[in-house]
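In: Need coordinates for the below:
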Amino acid sequence: MKNNRPYANEISNDQSEAWVREALDPDQLSKAKQHLGPLALTGVTVALLWGLRVYVVLMTLMIGLQVCNAFHGV
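Out: Got it, this is the predicted structure:
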């Protein structure tokens, strides 16, 4: 006898989420959610984020200077 159920790897994430929503009541669904909280960032990630912040500030200043120069004709 052949099993007509699809294998787990053939079920998409959307299908599994839809099945969970259909199977559980709304209060059960909210209780089943797992809250992980904030994750700790590595030193490399923190350094990259600070570098990105500095880059954004510098580019904003450069654009502001170019706009001022354009208006003043310098």
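
In: how near is Asp27 to Ala18?
Out: 19 Å (Cβ to Cβ, to the nearest Å). Heads up, the C-betas are built off the backbone N, CA and C, glycines and all.

In: of the two, who's got more company?
Out: Neighbour comparison, Asp27 and Ala18: the larger count goes to Ala18, with 11 against 8 (by other Cβ atoms under 10 Å).

In: What is the subsequent helix or strand relative to the least confident helix or strand in the chain by mean pLDDT?
Out: Least confident helix or strand of the chain, by mean pLDDT, DSSP states H and E, is helix 26-32 with a mean of 68. Downstream of helix 26-32, the next assigned helix or strand under DSSP states H and E is helix 43-72.

In: Off-centre distance for that next one?
Out: 23 Å (Cα atoms, centre = their mean, to the nearest Å).

In: Residue numbering should commence at 5 henceforth.
Out: Sounds good: first residue 5 from here, last item helix 47-76.

In: Many thanks, have a good one.
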